[in-house]
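> dropping a prediction and its sequence here:
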Amino acid sequence: MNGAVFDRLRRLLGPEGVERDPRGLPRAVPESDDETKLKAVTDIVQTKLVKRGVSLKALDYGTIQPAAKGSVRQVVTIKKGIASEKAKEIVKYIKGTGVNVQAAIQEDQVRVSGKKRDD
């Protein structure tokens, strides 16, 4: 994950609002007084990430949870690459099309190769 995105999130939400999950991916944890203000903070985070070139499809929103003193919080994880279950579905679909190519899963991406470039 780009360090500039992590720094931008840290500037927006403060040092307590951004953390890294066990895999090292950044997680934003916006916290607000009520759900409408939380939605406004989430919209601001989305616009800043779009300016940095991060697709909104890469954001995984958790459920809105109650926090201390009547406030609410929501964990937003930034995904990187393709999940292994989704990659298996993609490879299965490619093999089912009958096109003469090979599909292989390499870490968090799917590599498709064939004899000719047009395949």
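Received the coordinates, thanks. Bear in mind that the values here come from a model prediction, so they are computed numbers and not experimental data.

> for the rest of this, base every contact and every neighbour count on C-alpha atoms.
Noted.

> residue 73 - how many residues pack around it?
Counted with other C-alpha atoms under 10 Å, the neighbours of residue 73 add up to 22.

> now the helices for the protein?
Secondary structure of the chain by DSSP state H: the helices cover 3-13, 35-51, 84-96.

> who wins for proximity to residue 76 among the ones you listed?
Residue 76 lies closest to helix 35-51 among the helices of the chain, at 8.9 Å (C-alpha to C-alpha).

> show me how far that closest one is from its chain's centre.
15 Å (C-alpha atoms, centre = their mean, to the nearest Å).

> same question for stretch 28-45.
Worked out by C-alpha atoms, centre = their mean, stretch 28-45 lies 17 Å from the chain centre.

> report the buried residues of it.
Neighbour counts over stretch 28-45 (16 or more other C-alpha atoms under 10 Å) mark 28, 29, 30, 31, 32, 35, 38, 41, 42, 45 as buried.
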